[in-house]
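*Asks:* Here is the input, now give the coordinates:
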Amino acid sequence: MTPRWEQVSEPPPEGAAATMDATLTPHRSLTTRALLLVICAFSAMNVAIATFWALHGAWPVLGFLVLDVALLTWAFNMNNRDGRMFERVRVEAACLSVTRQPARGQAAHWVVGPAWARVERRATAVRIAAGDRAVHVGAFLSPEEREAFATALSRALLKVRR
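*Replies:* Numbers count the residues shown, from 1 in each chain. As a prediction, the model looks like this:
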């Protein structure tokens, strides 16, 4: 395996048992069912407000409240769509691979020899450097989760090097 990161079209085949196989995903605060309940409650509240104002002759308020529900639904759907992205970090004896799958689009894959990889803790992500290139992972993790991931990755790399 090479001493610097290489971008490849496909992830390496999973051969030997992995020392570490972590899939990192952004935190989602609402399940699909909870999201539906929030939107229904918000819609019911807006129907009550629209009814009140319509009975008092303020019909234009109805259009703004419909727009309000539509924009809230759109924003939550965009948030849920972004929650489908993930990063997978796999450490084997012969290869360290990183796969980044965005919410939409093609996945990107990088590989490097684990003997060359260095784990660096940053304020915004975990930086895995090798040669003159680096891959940043876990930018969406909380600081505590990032620290725990960096520690686990460092241990896995040390174990592979022995």
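*Asks:* Quickly list the domain ranges of the chain.
*Replies:* Under the assignment automatic domain parsing, the domains of the chain span 6-27+85-161, 32-82.
*Asks:* what's the most buried one of the ones you listed?
*Replies:* Sort the domains of the chain by mean neighbour count, taking mean count of other CB atoms under 10 Å, and domain 6-27+85-161 sits at the top with a mean of 16. All C-beta spots, glycine's among them, are computed from the backbone N, C-alpha and C.
*Asks:* so how far does that domain reach from one end to the other?
*Replies:* As for domain 6-27+85-161, its first-to-last residue distance stands at 20 Å under the measure CA to CA, to the nearest Å.
*Asks:* Quick one: end-to-end distance for stretch 13-33.
*Replies:* Start-to-end span of stretch 13-33 (CA to CA) is 36 Å.
*Asks:* before we move on, what about stretch 15-27?
*Replies:* Distance between the boundary residues of stretch 15-27 (CA to CA) amounts to 30 Å.
*Asks:* So which residues of the protein form strands?
*Replies:* Taking DSSP state E as the test, the strands found in the chain are 6-8, 20-24, 86-91, 96-101, 108-112, 118-121, 126-130, 133-137.
*Asks:* Kindly reformat those as TSV containing mean pLDDT and distance to M78.
*Replies:* Rendered in TSV, the data for the strands of the chain read as follows (pLDDT from 0 to 100; distance: least, CB to CB, whole Å):
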stretch	mean pLDDT	distance to M78
strand 6-8	91	28
strand 20-24	95	20
strand 86-91	95	17
strand 96-101	95	17
strand 108-112	95	22
strand 118-121	96	30
strand 126-130	96	26
strand 133-137	95	23
